[in-house]
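[1] here are the coordinates; sequence isn't available:
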């Protein structure tokens, strides 16, 4: 994580001084973006860098749904299962994905390409159902479009 | 100072800022789990509710306002407390039959007092880790845990070891230690056992040793350092002693808890104090010896008197584990006879915390202050022509004593030195007599006896006048 | 749709979010006006006079919240825009962030000037990637143009804005929980007292406002409190963004003048229920709201909806709320038991776990509904659900517990027959259907 420190230092220019722990979530996001997940050594490094006890970093990590401590597939398929999406067909899409990929939500395909997750409301209710692939929203999907989307991912 | 009304009674709030503090300080009991006077206020258990102006709210975070009217036991309060207890018990395993906390469990007590209903739930209780080893000393049962977070706050705010935390969210939340350490790192870890209101944090030493209602505590003072924390030593009640074991075991210390003391240790003690049995219940010397040979007490006493009569330069190395009374007795009858130096019976051992900002002091003896006030602070200096050394208590390497000096050794425990002394007299320890220690700060505390002195041992207070009598007198 | 527009008063194009396009439509004039000719207290007074209510869920008067801060007390103050928009059914703040982030930025700088804030934050939910990039781009444009940073427009007033990205926790939408997140700890909501305007971020006076609430500030300063009051109703001045979804022909984000006819909004502007079906129910303002006081979004039947207007007091008297502005339309033939199950699954997953009633209660309600859906319900389950809901009403540290309870209470009150059917027959009255095909 040390190579990211110059970036973190720059973030401080817009923050009030004396509250280094504010960089906790920003640092963890950036580390995960860089490495794909947050490693044990990163936890120590972040604790040292922010001057907080290691337990605090561990607590924060386990609290947030988007942060992970192990690598996942190249394409993270996150499909919303909340109210509006379910009312516009999300459940059928989820079933289709389970069948097509051969994995349950929370699992990764054996070839390491796809990890399937069901998630809560993504704020796309008006263009439901929605599938978030890594950071990109794909909205108003039906089964054919999902299939085309998956075929287009390497 | 604002005045508030609790259940109709006017109460001066004094220094207290919240309704809960005022209520408890004035004899109005408000049940609570997560609040503790020494820790920050999390307000998460929701049990300490009181009624104020038709609203029910938690008292631990309710600021006092002059003239406010509070009810601690109204219909609304009772109903809400009952419901909250239902929720606390929702996933709490009914382990009482096998849980060490039974008999002193806040949840048991509150359920009995404030709920008393059977569960409304038909769902199977959530399961979680049981017997999670937090350290060599403490075991954690996550199913019993009600997530009051007292233990976590203790390690953040008091001991500052920062070992414990909460992982995950919702009803999957779980107390866990940081991954690269255990609570063994925290010399105050065992306080979380007292703090835990349920049987989630238990002492591994004490696990399954006894039901607490067979035990009673006796107040004593930890001799581990000059802080002199007051503690409760727990042992079997006389009427519950077991026929299958001897007196020594029946009277033995089963566990130690703090005896709250605002002037000395507050509500905490360090782990060394928990291990008093290890400190005090080592094998005892109970027979007088002369150069290793067992003799009758009368013979040993007479020999000791002759040693004193026949010597010219007499030095005494005074015990810092002796009580105020014993020290005064020595000063009274033998103070002129001996040149006395105060000696530390114990020094810090490898791996032991020497001193910190909380309780632990570098001086590992309970009564140095009283000894020094009577015998001065001069460093030990044995003149070459010393011909009699009275060694009182542990911590003296006989090889450092002048070659030609005779040794009169007074001690409580079995040790190789006992056999090297010209005369050895076995002493009682603090659990066997009444007395006082003066801590480093000048605070005098009392200890009470409950253990019987071994047959052959003698109280130092009784011994000194006998030693001071001239040789040849009847003793 | 007729009616005034405060926020959606331009055509969305590929670059309408840029500084150039924003300035072209009058952007940053409000900030210039405030800095050049108003005292901080005047700005606050204008907001008070405008009657602007919070648009995050609680409808608390924004001006009154601001008055909790004394600009001259010498302490650091903080302003945080709550862009955590996680309330299911709600996606209207996203519209502002994607299509007019400068509206938010300008409004925030004006607000910081009023509240003597030197450092402000936008707390944006971690999943909102495009909105985040648009916002960050806009922030850099604003810095470059001198609308953020030191000595803004030569006024002597300086202000820094930090975009703080969340990491996937609905509870962070609760204002005090946000603080924990920014402070680098577990994002636990906090008990009050102390109020956040007394001790908030880093234990300093803090104002947390919803994105839409803040974005309205620029218009109000530009056009005046009177002009704002002339729109909407006397008790609910101005406009609101409504994000509508579910079984509706034209879902999306609309701006309505408060007091607008609900029936007209549903059946004309949004095209009516999907495929011309009959209306069964409407969730007006997100499946819950982030408030601590007042009744939260409740499910309303078709009969209740007709004849209502979209404003805060009308909905309150109907026992509901405009809440977060996340409207969900439900057509006939939808299984409400399954819908409630989805909601409780959500609350259970998102409960932070701090306080007893919510931690245990959300899990309990979810598991009861699991069991009912599996065909193993018992008649006492309905009472049990209501018991748990009541036990969470006003007893928790934050509104998540209350909201989970209100969802249950409303669904059971309005659709009890469906629950009884499911329990008695072990299956849904509507075949478990959630869609409108």
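    Perfect, I can see it now. Since the structure is predicted, the reported quantities are computational estimates derived from the model, not experimental observations.

[2] give me the low-pLDDT residue ranges for chain B?
    Residues of chain B meeting the criterion pLDDT under 70: B:473-475.

[3] That one - how does it break down into domains?
    Per automatic domain parsing, the domain ranges recorded for chain B read B:3-88, B:121-208, B:289-468.

[4] Around chain B, pick out the residues from chain A.
    A:40, A:43-44, A:53-56, A:58-59, A:62-63 (Cβ under 8 Å from any Cβ of the partner chain). Where you see a C-beta, it was placed from the backbone N, CA and C, and this is true even at glycine.

[5] Give me the residue ranges of chain A where confidence is low.
    Chain A contains no residues with pLDDT under 70.

[6] tell me the domain ranges of it?
    A:2-63, A:75-151.

[7] ok so, going back, got the domains of chain B as a markdown table, with distance to chain A and mean neighbour count columns?
    Converted to a markdown table, the domains of chain B look like this (distance: least, Cβ to the nearest Cβ, whole Å; neighbours: other Cβ atoms under 10 Å in any protein chain shown):
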| stretch | distance to chain A | mean neighbour count |
| --- | --- | --- |
| domain B:3-88 | 14 | 19 |
| domain B:121-208 | 3 | 20 |
| domain B:289-468 | 17 | 18 |
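
[8] Report whether stretch B:172-184 contacts chain C.
    Yes. Using Cβ under 8 Å from any Cβ, we find that stretch B:172-184 touches chain C at B:172-173.

[9] end to end, how far does that stretch reach?
    26 Å (Cα to Cα, to the nearest Å).

[10] nearest spatial neighbour of the closest residue to chain B within chain A, skipping sequence neighbours?
    Nearest residue of chain A to chain B, counting by Cβ to the nearest Cβ: residue A:53, 3.5 Å away. Take residue A:53 and drop its neighbours on the chain: the residue closest to it by Cβ to Cβ, 6 or more residues apart in numbering or on different chains is residue B:162, 3.5 Å away.

[11] That neighbour in helix, strand or coil?
    coil (DSSP: H, G, I helix; E, B strand; the rest coil).

[12] Surely it is in contact with residue B:154?
    No. Using Cβ atoms under 8 Å, residue B:162 makes no contact with residue B:154, being 10.8 Å away.

[13] and the residue positioned nearest the centre of chain A, what is it in contact with?
    Centroid-nearest residue in chain A: residue A:66, 4.2 Å away (criterion: Cα atoms, centre = their mean). Contacts for residue A:66 (Cβ atoms under 8 Å, 6 or more residues apart in numbering or on different chains) come out as A:29, C:126-127, C:167-168.

[14] Those residues into a markdown table, with extra columns for neighbour count?
    What follows is these, written out as a markdown table (neighbours: other Cβ atoms under 10 Å in any protein chain shown):
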| residue | neighbour count |
| --- | --- |
| A:29 | 18 |
| C:126 | 20 |
| C:127 | 26 |
| C:167 | 23 |
| C:168 | 18 |
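
[15] Would you mind checking which of those residues is nearest to residue C:235?
    Using Cβ to Cβ, residue C:127 comes nearest to residue C:235 of the contacts of residue A:66, at 34.8 Å.

[16] Just the pLDDT at the closest one, thanks.
    Looking at residue C:127, its pLDDT is 96.

[17] can you check residue C:382 too?
    Residue C:382 is given a pLDDT of 97.

[18] Residue C:419 is in contact with that one, correct?
    Yes. Counting by Cβ under 8 Å, residue C:382 does reach residue C:419; the two are 5.5 Å apart.

[19] Please say which of these two ends up with more neighbours.
    residue C:419 (22 against 18; other Cβ atoms under 10 Å in any protein chain shown).

[20] which SS state does that one fall under?
    Residue C:419 is classified as helix under three-state DSSP.

[21] Might you name the residue of the stretch 301-437 of chain C sitting closest to chain A?
    For the stretch 301-437 of chain C, the residue closest to chain A is residue C:434, as judged by Cβ to the nearest Cβ, at 5.0 Å.

[22] you'd agree that residue is in a strand?
    No. Counting by three-state DSSP, one finds residue C:434 to be coil, located in no strand.

[23] Let me see the ranges of the strands in the chain.
    Picked chain A for this. Using DSSP state E, the strands of chain A run over A:75-80, A:114-119, A:131-133, A:136-138.

[24] look at chain C instead
    Under DSSP E, chain C gives strands at C:77-83, C:117-124, C:160-165, C:206-210, C:239-246, C:252-257, C:260-261, C:279-283, C:300-301, C:309-310, C:326-331.

[25] Using a markdown table, lay out these together with mean neighbour count.
    Formatted as a markdown table, those follow (neighbours: other Cβ under 10 Å):
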| stretch | mean neighbour count |
| --- | --- |
| strand C:77-83 | 27 |
| strand C:117-124 | 24 |
| strand C:160-165 | 20 |
| strand C:206-210 | 26 |
| strand C:239-246 | 27 |
| strand C:252-257 | 22 |
| strand C:260-261 | 20 |
| strand C:279-283 | 25 |
| strand C:300-301 | 18 |
| strand C:309-310 | 22 |
| strand C:326-331 | 28 |
